[in-house]
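**Student:** here is a sequence together with a model predicted from it:
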Amino acid sequence: MEEMPVKGGSQGKPMEEGGESNQAETAHEASRKKKRRAATSEELKRALEEQKRLAQDNYEKFLRAYAELENYKKRVEREKANLLKYGNEALIRDLLPFIDNLQRAVEHASGEKNNSPEALIQGVELTLKDLMRVLEKHGLKPIESVGGIFDPNLHEAMMQVETEDHEPQTIVEEFQKGYLLGDRLLRPARVSVATRPGSPAEGRTEGEGPSPSPEDEA
């Protein structure tokens, strides 16, 4: 009786070799994945370190900018305080020579018994002209009033004068000089204004400034 060949006897070895091959491929794939994970982890670490460095740089820049801003604010405050305290320094320095001249004129007039009053008046007039030139250099502008038309933005009418020699609302006389500082009204000119004879008397010309206070009249 013939022996039957055992099934799989000749096939067993190739099957074992195929299993080992699959296991090797699986191990190789696992190794590659592990390497990829390790590489990804290193990249993440480097990216994190870079972000930390950028964050530190930005924080230091913020601190420097904040310190500069604080120093700028302090400097502006000092300059503002100095401006309020010494803002008129240039003007006062320019006025000092006139104080000296007036003091010398007073001393000269009081020391000379036979001193001519005309000479004193002439000296004061010259000093006044020089003083006006200095003030005009600093922005002061006198308001020219007499002969002009009354402007409530520049003039304050103290009285009305009935006359046929001037057109109504013409300024006849100036009681106190008015001045502008740049384009801003520093003090209105106090004037008298012409009106037609027989026209109704009014306490003030229409549109004029407020009546003078007792201190101003004094």
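**Tutor:** Arrived safely.
**Student:** quick one, what contacts the closest residue to Leu91 other than its chain neighbours?
**Tutor:** Nearest residue to Leu91, sequence neighbours excluded (Cβ to Cβ, 6 or more residues apart in numbering): His138, at 5.2 Å. No exception for glycine: its C-beta is placed from N, CA and C like everyone else's. His138 sits next to 90-91, 94 when contact means Cβ atoms under 8 Å, 6 or more residues apart in numbering.
**Student:** so what pLDDT did His138 get?
**Tutor:** Looking at His138, its pLDDT is 89.
**Student:** from Glu68, how far off is it?
**Tutor:** Between His138 and Glu68 the computed distance is 35 Å (Cβ to Cβ, to the nearest Å).
**Student:** for Gly147, same thing?
**Tutor:** For Gly147, the distance to Glu68 - Cβ to Cβ - is 59 Å.
**Student:** now do Glu79
**Tutor:** 16 Å.
**Student:** returning to what we had before: please pick the buried ones from the contacts of His138.
**Tutor:** The neighbour count (16 or more other Cβ atoms under 10 Å) marks Asp94 as buried among the contacts of His138.
**Student:** got a markdown table for the contacts of His138, with distance to Gln103 and pLDDT too?
**Tutor:** Shown next, in a markdown table, are the contacts of His138 (distance: Cβ to Cβ, whole Å; pLDDT from 0 to 100):
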| residue | distance to Gln103 | pLDDT |
| --- | --- | --- |
| Ala90 | 21 | 85 |
| Leu91 | 19 | 86 |
| Asp94 | 16 | 89 |
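**Student:** lowest average confidence, helix or strand, in the protein?
**Tutor:** When the helices and strands of the chain are compared on mean pLDDT, DSSP states H and E, helix 214-217 comes out lowest with a mean of 43.
**Student:** now the host helix or strand of Asp57: mean pLDDT?
**Tutor:** For Asp57, the enclosing helix or strand under DSSP states H and E is helix 12-86. Mean per-residue pLDDT for helix 12-86: 81.
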